[in-house]
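Colleague: prediction below, plus the sequence it came from.
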Amino acid sequence: MDMICSHEEFERRWHLLVEKHNLRDNQWVVDLYQKREKWAAAFLRGHFFAGMKSTQRSEQLNATAHKYLQFKMLLHPFAQRFELFLSKVKQNEHKEECITSQSSPVLITHLRELEGNAASIFTRKIFLKIRDEISAEASLRLISVVDQDKVKLYTFTEYLHRICSWQVELDKSERTIICSCKKLESDRIPCSHAFAVMKAEDMVKTQQGYDEARDCISRI
């Protein structure tokens, strides 16, 4: 379900799994396969879900609201408590923004310039997710670089785990990056493959990716 790979690789490994366990005629497996575009990460790439796989965000919000609101409350006290609840939400939001603007995290990755640039833009929670991607860049292995007229095409695989490869396109004039993993489109977070290209090109930041990410999830 969580395997990050191409459609072709997913199909190949799914059929190997079915053959291994002799599940060709299992109706549940057949039905699950027919709905693969609704649950497999390989088919969900490119659709924005803010990193969520369930109703966890609304469930968390409901749990917080229950601390302030009670069943069968009268309208007037309900309005007062609901206003208090909204104030708490805004207070937490401002707290995150304050932490980001008034403090700097300790830089620990091998790409300090890129890490520092991300720390200056995103709230701390999102920065930590991006730092994980920067750290993951160290495990990538460069397969090839094709220099064309307007773009450079980089191909990467993961060190010692070559399940699949990822193609990253760098626009040489605009300095924008598009990766086949589509993490930026899915989570609005630059991926480790993009950071690998930025490292190879001596880039300190990719404003294109950061602007898109900041617009969508800087408050998460």
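Modeller: In hand now; what should we look at?
Colleague: list the buried ones in the top strand by length along the chain?
Modeller: As assigned by DSSP state E, the longest strand anywhere in the chain is strand 161-171. Using 16 or more other Cβ atoms under 10 Å as the test for burial, strand 161-171 gives C164, S165, W166, Q167, V168, E169, L170. C-betas here are computed from N, CA, C, even on glycine.
Colleague: for the third one, give me its contacts.
Modeller: Pointing back at W166 there. T155, F156, T157, C179, S180, C181, H193 (Cβ atoms under 8 Å, 6 or more residues apart in numbering).
Colleague: thinking again about what came up before, which element follows the longest strand of the chain toward the C-terminus?
Modeller: Next along the chain after strand 161-171, taking DSSP states H and E as the criterion, comes strand 177-179.
Colleague: give me the residues contacting that next one.
Modeller: Applying Cβ under 8 Å, 6+ apart, the set of residues contacting strand 177-179 from outside is 166-171, 190-191, 193-194, 197-198, 206, 208-209.
Colleague: which stretches of the chain form helices?
Modeller: For the chain, the helices defined by DSSP state H cover 7-20, 27-34, 41-44, 56-65, 75-102, 112-119, 124-136, 183-187, 192-200, 207-217.
Colleague: before we move on, the earlier item: so what angle separates the directions of the longest strand of the chain and helix 7-20?
Modeller: Per axes from the mean of the first three to the mean of the last three Cα atoms, to 10 degrees, the angle that strand 161-171 makes with helix 7-20 is 170 degrees.
Colleague: export strand 161-171 to CSV, keeping only CA atoms.
Modeller: Below are the C-alpha coordinates for strand 161-171, written out as CSV (Å, rounded to 0.1, in the frame of the first residue of the first chain):
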residue,chain,number,x,y,z
HIS,A,161,17.5,-0.8,-2.6
ARG,A,162,17.0,-0.4,-6.3
ILE,A,163,13.3,-1.2,-6.4
CYS,A,164,12.7,1.6,-8.9
SER,A,165,14.3,4.8,-10.2
TRP,A,166,13.2,8.4,-10.2
GLN,A,167,13.6,11.0,-12.9
VAL,A,168,14.1,14.6,-12.0
GLU,A,169,13.8,17.4,-14.7
LEU,A,170,15.6,20.7,-14.1
ASP,A,171,14.7,23.6,-16.2
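Colleague: list the neighbouring strands of it plus their orientation.
Modeller: Using DSSP bridges, the strands paired with strand 161-171 are strand 151-158 (antiparallel), strand 177-179 (antiparallel).
Colleague: got the CA positions of the first one in CSV?
Modeller: Output of strand 151-158 as CSV, limited to C-alpha atoms (Å, rounded to 0.1, in the frame of the first residue of the first chain):
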residue,chain,number,x,y,z
VAL,A,151,16.5,20.9,-19.4
LYS,A,152,18.7,18.5,-17.5
LEU,A,153,17.3,15.0,-16.8
TYR,A,154,18.7,13.3,-13.6
THR,A,155,17.9,9.7,-12.8
PHE,A,156,18.3,8.4,-9.2
THR,A,157,17.8,5.1,-7.4
GLU,A,158,18.2,4.3,-3.7
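Colleague: tell me which residues of that strand come out buried.
Modeller: For strand 151-158, burial by neighbour count (16+ other Cβ under 10 Å) applies to V151, K152, Y154, T155, F156, T157, E158.
Colleague: just the pLDDT for the residue nearest the centre of the chain.
Modeller: Note on the chain: the residue nearest the mean C-alpha position is D187, at 3.3 Å, using Cα atoms, centre = their mean. Listed pLDDT for D187 reads 81.
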